[in-house]
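Novice: next input, structure requested:
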Amino acid sequence: MNKLLESDARLRESPLRGLEWCHAYSAKVDEWLQMLWNDVAGDRDDVSLVATGGQGRQELCPYSDL
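Specialist: All right, here's what the predicted structure looks like:
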């Protein structure tokens, strides 16, 4: 988890702006969700995690709801 938090700090300090920043933030949230999903669901293949809205479009903005 520390690695994820460190990379979040780098994202906040990133020179990226606009949609490029949103794509990078969405990718970081994807990593976090995959980590949580693996902890909860493990290797199950009878359930899925689906992203919709801003996350599904890879357009999360600061303070977007998940």
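
Novice: mind checking pLDDT for residue 23?
Specialist: pLDDT, residue 23: 91.

Novice: quick check: closest non-adjacent residue to it.
Specialist: Nearest-residue entry for residue 23: residue 58, 5.3 Å, with adjacent residues in sequence omitted and distances by C-beta to C-beta, 6 or more residues apart in numbering. All C-beta spots, glycine's among them, are computed from the backbone N, C-alpha and C.

Novice: can you tell me the SS state at the one you found?
Specialist: The assignment at residue 58 comes out as coil when based on DSSP: H, G, I helix; E, B strand; the rest coil.

Novice: residue 46 now?
Specialist: With three-state DSSP as the basis, residue 46 sits in coil.

Novice: burial measure for residue 31, as a count.
Specialist: Residue 31 is flanked by 13 other residues according to other C-beta atoms under 10 Å.

Novice: hmm, back to that, surely the residue nearest to residue 23 meets residue 24?
Specialist: No - the criterion here is C-beta atoms under 8 Å, and residue 58 misses it with residue 24 at 9.4 Å.

Novice: what about residue 20, which helix or strand?
Specialist: Per DSSP states H and E: residue 20 is located in helix 18-41.

Novice: so where is the chain shaky, pLDDT-wise?
Specialist: The model of the chain has pLDDT under 70 over residues 1-8, 10-11.

Novice: grab the most central residue of it for me.
Specialist: The centre of the chain sits closest to residue 29, judged by C-alpha atoms, centre = their mean, with a distance of 1.0 Å.

Novice: got the buried residues for stretch 44-63?
Specialist: Along stretch 44-63, these residues count as buried under the neighbour rule (16 or more other C-beta atoms under 10 Å): 54, 55, 58, 60.

Novice: which among those gets closest to residue 42?
Specialist: Residue 42 has its nearest neighbour among the buried residues of stretch 44-63 in residue 55, at 22.1 Å by C-beta to C-beta.

Novice: which strands and helices lie in contact with the helix or strand harbouring the closest one?
Specialist: Secondary structure assignment for residue 55, by DSSP H and E: helix 53-56. The contact analysis (3 or more C-beta pairs under 8 Å, 6 or more residues apart in numbering; DSSP states H and E) places helix 53-56 against helix 18-41.
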